[in-house]
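Peer 1: Below is the sequence, then the predicted model.
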Amino acid sequence: REVDVILKYLSESEQCRAKKIGVIGFCWGGAAVQHLMLKNPHLKTGVSLYGVIRFFEDRSSLLHPTFFIFAEKDDHIPLEQVTLLEQKLKQNCKVDYKVKIYPGQTHGFVHRKREDINPQDKPYIEEGRKDMINWLNKYL
């Protein structure tokens with residue numbers, strides 16, 4: 001319900017009049033993005049960053065293009081769950097989607113603060129951020 005109110009404001013208010021709206025979510029928010037991509041017809045695209053899959057394992061008929069970013073060494077999301085998600089998307093999804101696993105990375109890598117970035121992780125963090133922006137630019 002909250003999202004519906006926000007979308008109405010963004011698309012109908014005098015201040016905004018947004019024509020295309022996308023969503024981004026991290027961790028639990030990434031799971032919320034997947035839920036919105038399955039249910040909300042007013043969005044154009046979404047990016048789910050390390051969204052907890054176990055809440056939506058059986059749902060893969062996305063309404064909108066969705067980009068899924070995962071970390072290879074995520075303690076919260078086993079790679080088996082990511083593989084299963086990919087298989088179900090391949091079988092059921094009729095819109096564009098992408099699932100990308102970033103090697104050697106852990107949960108939360110894309111939104112690390114500058115002071116918390118290890119030099120060896122920096123290229124993957126930058127790549128994840130760039131990939132996210134490119135996806136949004138493609139659909140918005």
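Peer 2: Right, received. Where do you want to start?
Peer 1: so who does the most centrally placed residue in the chain touch?
Peer 2: By CA atoms, centre = their mean, the mean C-alpha position of the chain lies nearest to S48, the distance being 1.3 Å. S48 sits next to 25, 30-31, 33-34, 37, 66-69 when contact means CB atoms under 8 Å, 6 or more residues apart in numbering. Every residue, glycine included, has its C-beta placed from N, CA and C.
Peer 1: Equivalent analysis for T45, please.
Peer 2: For T45, the contacting residues are 22-23, 64-67, 135-136, 138-140, by CB under 8 Å, 6+ apart.
Peer 1: any idea what sits nearest it, other than its immediate chain neighbours?
Peer 2: Y139 (3.7 Å; CB to CB, 6 or more residues apart in numbering).
Peer 1: Surely the one you found is in contact with K44?
Peer 2: Yes - counting by CB atoms under 8 Å, K44 is a contact partner of Y139 at 5.4 Å.
Peer 1: Next, show the common contact partners of these two.
Peer 2: 20, 22, 64-65.
Peer 1: List only those of those residues flagged as buried.
Peer 2: Applying 16 or more other CB atoms under 10 Å to the shared contacts of Y139 and K44, the neighbour count classes 22, 64-65 as buried.
Peer 1: In a markdown table, list the residues you listed along with distance to P119.
Peer 2: Output for these, formatted as a markdown table (distance: CB to CB, whole Å):
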| residue | distance to P119 |
| --- | --- |
| G22 | 31 |
| H64 | 36 |
| P65 | 33 |
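Peer 1: hmm, who's touching stretch 19-38?
Peer 2: Contacts to stretch 19-38, defined as CB under 8 Å, 6+ apart, come from residues 3, 7, 10-11, 42-53, 55-56, 59, 61-64, 66, 68-69, 76, 107-108, 110-111, 132, 136, 139-140.
Peer 1: Now the terminal residues of it, how far apart.
Peer 2: One end of stretch 19-38 to the other measures 20 Å (CA to CA, to the nearest Å).
Peer 1: This completes my enquiry, with thanks.
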